[in-house]
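Asker: structure for the following, please:
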Amino acid sequence: MAITAIKPQKENEQARKPLARADTQFNIVARRFRRHRLAMVSLLVLGVILVASILAKQISPFERDYLNVESAAKFLPPLSRSPETGAMHWLGTNQIGQDLFTRLVYAARISLTTAILATTLSTLVGTILGTLAGYFRGILDSVIQRVIDFFSNLPQLPILLILTAVLVTDPRLIPIPTFVIKFLQAIMLFDQEREARVVAALILILTLLGWTGVARLMRGQVLQVRERDFVEGARALGANSLAIITRHIVPNAFPPVIVAFTLGLAASLTAETGLSFLGVGIQNPVPTWGNMLAFTQSYMFERPYLPLIPAFPMFLCSVAFNFIGDGLRDALDPRQTK
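Answerer: Below is the predicted model of the structure:
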């Protein structure tokens with residue numbers, strides 16, 4: 001009788017497979033964000049505009065302040081060539097012969113950088129004060145709350161217009177450190193110190209009036225997080241307040257602030273553009289989307305495409321910031337299961 005060899009039973013394949021690494025919180029958030037199609041498209045559009053603004057000096061066919069006062073160079077239509085140099089005017093020229101594409105990419109660099117810096121500073125100030133108020137409570141909380149109430153109850157539009165008109169007209173009224181001026185000159189490609197001082201004054205004003213919402217939001221988040229078990233455990237193990245705040249409180253309370261930051265970018269961009277449009281913000285020869293739009297007022301009925309040139313990228317950026325904020329809100333929502 002033939003003896004059939006018994007094949008050894010296969011080991012549990014599941015046991016042989018290496019254990020899959022657990023998803024990190026970052027991977028989970030990134031996967032949720034990628035499912036938000038409008039947010040991804042907005043991120044792509046915003047990335048293209050940011051790259052164009054960063055490479056403004058390299059991709060612009062003319063210098064920032066180049067102008068040609070000859071009548072033949074004024075109001076050239078898009079895709080025209082310069083009668084002087086033969087270079088292409090991709091978006092045409094304005095009433096003083098300046099290349100609109102060059103002005104547009106330099107304006108993107110200045111307007112977006114101003115909005116990003118102002119929103120970053122206001123978010124930083126609001127986060128610090130909101131964290132201190134929510135964690136330590138008591139007298140410190142009362143003082144910070146009264147300061148927040150004071151700034152929140154100010155008529156912000158009149159105050160914004162008055163401060164901007166005064167400080168931008170004479171930016172030396174604010175003692176701005178030299179390294180800040182040099183930094184702004186480097187990233188915004190300014191030739192003159194006064195141009196950097198004007199932008200620094202505007203950033204300071206937007207920061208001064210924009211931090212209160214973040215402070216309220218962060219205070220509320222900290223009040224919730226400070227009572228959780230892991231914070232009580234850290235206290236029981238002898239962790240000091242600084243360690244508890246930086247390692248436990250802020251990381252767990254910060255996600256809603258990230259969403260508020262993206263929405264604040266749209267608000268800061270709109271504020272900077274509106275002030276420049278009204279003539280109390282950044283003015284010529286420094287290009288911004290706001291003062292480019294203001295320059296087209298007298299000619300918009302004769303040449304209706306002119307206001308669309310600065311208005312369209314401004315609209316795209318504002319909408320993109322809002323959609324990215326929506327995507328981050330959904331991605332950071334703890335009620336999401338996947």
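
Asker: residue 206 and residue 272 touch, don't they?
Answerer: Yes: counting by CB atoms under 8 Å, residue 272 is a contact partner of residue 206 at 7.1 Å. Glycine gets a C-beta too; all of them are placed from N, C-alpha and C.

Asker: which residues do the two both contact?
Answerer: Counting by CB atoms under 8 Å, 6 or more residues apart in numbering, the contacts common to residue 206 and residue 272 are 114, 118.

Asker: contacts only, for residue 28.
Answerer: No residues are in contact with residue 28 under the rule CB under 8 Å, 6+ apart.

Asker: can you list contacts of the helix or strand harbouring residue 180?
Answerer: Counting by DSSP states H and E, the element that carries residue 180 is helix 178-188. The list of residues contacting helix 178-188 from outside it, by CB under 8 Å, 6+ apart, reads 109, 110, 113, 190, 191, 193, 195, 196, 197, 199, 200.

Asker: next one: stretch 57-72
Answerer: With CB under 8 Å, 6+ apart as the contact definition, stretch 57-72 has outside contacts at 52, 56, 74, 82-84, 87-90, 93, 96-99, 101-103, 105-106, 189, 285, 287.

Asker: could you do stretch 157-176 as well?
Answerer: Counting by CB under 8 Å, 6+ apart, residues outside stretch 157-176 touching it are 194, 197-198, 200-202, 204-205, 208-209, 271, 275, 278, 280-283.

Asker: restricted to buried residues, select these in PyMOL.
Answerer: Command for PyMOL, covering only those of these found buried under the criterion 16 or more other CB atoms under 10 Å:
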select buried, resi 197+198+200+201+202+204+205+208+209+271+275+280+281+282+283
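
Asker: may I have stretch 233-248 as CSV, with CA atoms only?
Answerer: In CSV, the C-alpha atoms belonging to stretch 233-248 read as follows (Å, rounded to 0.1, in the frame of the first residue of the first chain):
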residue,chain,number,x,y,z
GLY,A,233,-2.1,62.6,33.4
ALA,A,234,0.7,64.9,32.3
ARG,A,235,0.1,67.1,35.3
ALA,A,236,0.2,64.1,37.6
LEU,A,237,3.5,63.0,36.1
GLY,A,238,5.0,66.4,37.0
ALA,A,239,5.0,68.1,33.6
ASN,A,240,5.3,71.9,33.9
SER,A,241,2.9,74.3,32.2
LEU,A,242,5.1,75.0,29.2
ALA,A,243,5.5,71.3,28.4
ILE,A,244,1.8,70.7,28.8
ILE,A,245,0.9,73.7,26.5
THR,A,246,3.4,72.9,23.8
ARG,A,247,3.2,69.1,23.8
HIS,A,248,-0.5,68.5,24.6
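
Asker: so how far is that stretch off the chain centroid?
Answerer: A distance of 32 Å separates the C-alpha centroid of stretch 233-248 from that of its chain, computed with CA atoms, centre = their mean, to the nearest Å.

Asker: likewise for stretch 127-136?
Answerer: In terms of CA atoms, centre = their mean, the gap separating the centre of stretch 127-136 from the centre of its chain is 23 Å.

Asker: residues making contact with it?
Answerer: Under the criterion CB under 8 Å, 6+ apart, external residues in contact with stretch 127-136 comprise 140-141, 144-145, 147-148, 211, 214-223, 226, 241, 244-245, 249-250, 253-254, 257.

Asker: and for stretch 298-307?
Answerer: Contacting residues not belonging to stretch 298-307 are listed as 75, 78, 94, 95, 293, 296, 297 [CB under 8 Å, 6+ apart].

Asker: and these, which two are the farthest apart?
Answerer: The widest separation within the contacts of stretch 298-307, taken as CB to CB, falls between 78 and 297 and amounts to 19.9 Å.

Asker: neighbour count: those two, which is higher?
Answerer: Neighbour tally, residue 78 and residue 297, criterion other CB atoms under 10 Å: the higher count belongs to residue 78, 14 against 11.

Asker: I'd guessed that one sits against residue 91; true?
Answerer: Yes: with contacts defined as CB under 8 Å, residue 78 counts as touching residue 91 at a distance of 5.2 Å.

Asker: confirm for me that residue 331 is in contact with residue 32.
Answerer: Yes: here residue 331 reaches residue 32: they are 3.9 Å apart, a contact under CB under 8 Å.

Asker: looking at those two now, which is surrounded by more residues?
Answerer: Counted by other CB under 10 Å, residue 331 and residue 32 do not tie: residue 331 has more neighbours, with 21 against 18.

Asker: for that one, give me its contacts.
Answerer: Taking CB under 8 Å, 6+ apart as the contact definition, residue 331 lies against 29, 30, 32, 33, 36.

Asker: inside strands: which ones of the contacts of stretch 57-72?
Answerer: Secondary structure from DSSP state E places 88, 89 of these in strands.

Asker: for whichever helix or strand residue 263 is part of, the distance to its chain's centre please.
Answerer: Here residue 263, judged by DSSP H and E, is contained in helix 255-278. In this view, helix 255-278 has its centroid 7 Å away from the chain centroid, taken as CA atoms, centre = their mean.
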